[in-house]
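Asker: Take this sequence and fold it.
(chains A and B)
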Protein chains: 2
Amino acid sequence: MRRVAIINYGLTKVDKHWKKSLRGLFGDAAKAALNNSKVTNLDALIIGNMCASDLSDQNNIGALLADYLCITPATAFRVEAACGSGAAAVLAAYTAVASGMYDVVMTGGIEKLSDGVGRDTTLSLGKAADAEYELFYGSSFVSLNALLMNHYMHIHHTPRDAFADFAVLMHKNGSKNPYAQLPFEITREMVLRSDKIADPITLYDCAPVGDGAAALILCPLEEASKYSDNYVEISGLAGATDTINVSSRSDLLSFNSTVIAADRAYKMAKITPRDVDVAEIHDTFTITGAISLEDLGFSEKGKFNKLLAEGAFEPGGIVAVNPSGGLKSRGHPVGATGAYQIVEVAMQLMGDAGKTQVPDAEIGLAQNIGGSGSSTFVTILRRSR
Amino acid sequence: MRRVAIINYGLTKVDKHWKKSLRGLFGDAAKAALNNSKVTNLDALIIGNMCASDLSDQNNIGALLADYLCITPATAFRVEAACGSGAAAVLAAYTAVASGMYDVVMTGGIEKLSDGVGRDTTLSLGKAADAEYELFYGSSFVSLNALLMNHYMHIHHTPRDAFADFAVLMHKNGSKNPYAQLPFEITREMVLRSDKIADPITLYDCAPVGDGAAALILCPLEEASKYSDNYVEISGLAGATDTINVSSRSDLLSFNSTVIAADRAYKMAKITPRDVDVAEIHDTFTITGAISLEDLGFSEKGKFNKLLAEGAFEPGGIVAVNPSGGLKSRGHPVGATGAYQIVEVAMQLMGDAGKTQVPDAEIGLAQNIGGSGSSTFVTILRRSR
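Answerer: As a prediction, this is how the structure comes out:
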């Protein structure tokens, strides 16, 4: 299997981009990825997206974007794994390059929710759940996670405040990120007093959804220096699934898909959780962040709040968690989120992360969840400088 | 790059499966693929689908189906390239195995249109076109192809009857296929006198859309004999794109995506069009079939009708075209169609094709189009017995 590098990237700010079309928004990210690179040809475009069919009346966005980027006749297709679409696309692009079938591949994710005037964005996002056994009965994404949060507090005797404190740290980080959707600091009180969405989840426990696009260019590691002086290796990656409906699981306080994907990715990269310097984790809600920290091996079960209070998830601690601000503050452009995370980790390892830079980051991890834990994709990057 | 084999397959009849759920329908195909095989573990599920979000309120069907098939924690995701989703999924699965990252992978396609009571199936299918520059102005899939058919008849002075005769051959073939949606013979007069859909396209120029599921199991060629006595090699495959909107093309009577994907696949398989014994081509409309025959190198431009009349596309001719009946008679289960085609070619090479069997088929080709030629995936199989 050929080793694979990320040689360049591009991001747009996560926002409500009313004035940008679906193709125009991805074009901005793709242009940024191509502009300061020596890449002159793309063999394929493998793109993550969840909601374009529902909200922009557009499928076939592989061909749409290949056309818009003027890279036809490159091979192009879309990958979808709900909120995990971005990292799933990167995994498909990884095997495309690792196999030897393609050399230079653009991958990433695009989500344009603001097209959906008069359309039901909540229903569109709910399609990540089980349509027949969850959605049909009125479950929404937030109500399922509210069940988990209540259960977590009950089993682990965790104070409500701890979840608020996680949100506070995310906003502190995101306030320094120029690509963040909500780049401002918040307080514990703001979280606790914000509107109830689905008890006990309040507005500031929730990640905002938004429009965004992230592009990455992959090539064989041994050819990376031809294209760039500064690149990173994808040293481990894996996907794993669990039951699609939450009620079928034996343990509600752990995402088996994350545990198994992380284990596979750690083994492939030949590292342990202790080796990870920086991690972008999938905190759709503060409860999702807490469970993810534990499932990835950064905290014992039920102890994330203790470590959080000790500063263990900040630079100099166990692992710098979500220097981007995470889904909570950077925003959650659904099918693009996993691609954002991988770009952000790459930027950290390349030393390109500006005010969010974690000193001396050598190994980074991105964890991208689809549905309420029904799939997880874990990607591990290693600095190549 | 590891060589890759198809070791088993399963199909459902293309039909209106009102009594089957999305997952249940794919389950039938997957069960058929697993039942008479020695496969005990699947590492991944890579599934093609276009319309489940619109018509079944279901995204995340990688996880949904992995769960239903009890193969969690296998990696799973969906691939979408409009009507080309099935073959695009097989391409992604091919690189997954060829790379060495996955050993035994299930791929295929599923489409369940009959869930969409009161929903707009025509709009859902139209999302393969350019939403902003075609769909918005009222173009439908059939109206775009009607333009092509008029133009073809004008440029090549081709009689209307020739297209009807193509449909007649497809139905003759499909009448012997137990999986076909319309397994009956028709006459030239039936085509000409059937309802006008978009002039000059009549009802019997159109492929029927339907519900269907096709599953294939891939593994490294060198391990295929561990699982099966009868398998085929994927000896060439490629995808290519063209402009998404038809009006941007310099030549309306050739799909550049097909020409280039075929050229790449022929080179990879080290063959020419003359070496192909059996082909499943993407005849959404009779005009699409005609253009495809020429683009794949089976006919000179504007001459398909002459060859058709000579029997060149029947067993013993240049190439046996669509012994399954093609989209026209077997049916067009949209995101599953490409997977059907690849299964049907595999069945021919394995000698499993029953009453549709082409004698001594050694090399077969499947051509799967997404949109009105905006992407094409060509897959070439070789007999390994």
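
Asker: Next one: A:A76 from A:I46, what distance?
Answerer: From A:A76 across to A:I46, the span is 7 Å (C-beta to C-beta, to the nearest Å). Glycine gets a C-beta too; all of them are placed from N, C-alpha and C.

Asker: Identify the contacts common to those two.
Answerer: A:G62 (C-beta atoms under 8 Å, 6 or more residues apart in numbering or on different chains).

Asker: residue contacts, the closest residue to chain B within the stretch 251-385 of chain A?
Answerer: Across the stretch 251-385 of chain A, the shortest distance to chain B (C-beta to the nearest C-beta) belongs to A:S374, at 3.9 Å. Listed by C-beta under 8 Å, 6+ apart, the contact partners of A:S374 are A:82, A:128, A:241-244, A:257, B:60, B:63-64, B:67.

Asker: Okay, and which of these map to helices?
Answerer: Residues from these lying in helices, with DSSP state H as the criterion: A:257, B:63-64, B:67.

Asker: out of the contacts of A:S374, which one sits closest to A:A162?
Answerer: Closest approach between the contacts of A:S374 and A:A162, by C-beta to C-beta: A:S257, at 23.9 Å.

Asker: Tell me who's in contact with that closest one.
Answerer: Contacts for A:S257 were tallied using C-beta under 8 Å, 6+ apart; they are A:240-242, A:369, A:373-376, B:72-73.

Asker: Now render the residues you listed as a markdown table, adding distance to A:S124 and pLDDT.
Answerer: Supplementary listing: the contacts of A:S257 in a markdown table, determined by distance: C-beta to C-beta, whole Å; pLDDT from 0 to 100:
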| residue | distance to A:S124 | pLDDT |
| --- | --- | --- |
| A:A240 | 25 | 98 |
| A:T241 | 21 | 98 |
| A:D242 | 22 | 97 |
| A:I369 | 17 | 98 |
| A:G373 | 19 | 95 |
| A:S374 | 17 | 97 |
| A:S375 | 18 | 97 |
| A:T376 | 21 | 98 |
| B:T72 | 25 | 97 |
| B:P73 | 26 | 98 |
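
Asker: Just the ones in strands from these, please.
Answerer: A:240-241, A:369, A:375-376 (DSSP state E).

Asker: Can you tell me the closest non-neighbouring residue to A:D295?
Answerer: Of all residues beyond its chain neighbours, the one nearest A:D295 is A:T258 (3.9 Å), with distances taken as C-beta to C-beta, 6 or more residues apart in numbering or on different chains.

Asker: burial of the residue in the stretch 201-350 of chain A that chain B sits nearest to, as a residue count?
Answerer: Among the residues of the stretch 201-350 of chain A, A:G239 lies nearest to chain B; the distance is 3.6 Å by C-beta to the nearest C-beta. As a burial measure, the neighbour count of A:G239 was computed by other C-beta atoms under 10 Å in any protein chain shown and equals 30.

Asker: per-residue confidence for it?
Answerer: A:G239 is assigned 98 on the pLDDT scale.

Asker: for the nearest residue to it once chain neighbours are set aside, what are its contacts?
Answerer: Ranked by C-beta to C-beta, 6+ apart and with sequence neighbours excluded, the top spatial neighbour of A:G239 is B:T75, at 3.6 Å. Taking C-beta under 8 Å, 6+ apart as the contact definition, B:T75 lies against A:91, A:238-241, B:43-45, B:102.

Asker: Reformat these into CSV and put distance to B:P183 next to each item.
Answerer: As requested, the contacts of B:T75 are exported to CSV (distance: C-beta to C-beta, whole Å):
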residue, distance to B:P183
A:L91, 40
A:A238, 44
A:G239, 39
A:A240, 41
A:T241, 37
B:D43, 36
B:A44, 34
B:L45, 30
B:Y102, 36
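
Asker: Out of the residues you listed, which is nearest to B:G212?
Answerer: For the contacts of B:T75, with B:G212 as the reference and C-beta to C-beta as the criterion, the closest is B:L45, at 17.3 Å.

Asker: any idea of the pLDDT on A:V117?
Answerer: In the predicted model, A:V117 carries a pLDDT score of 69.
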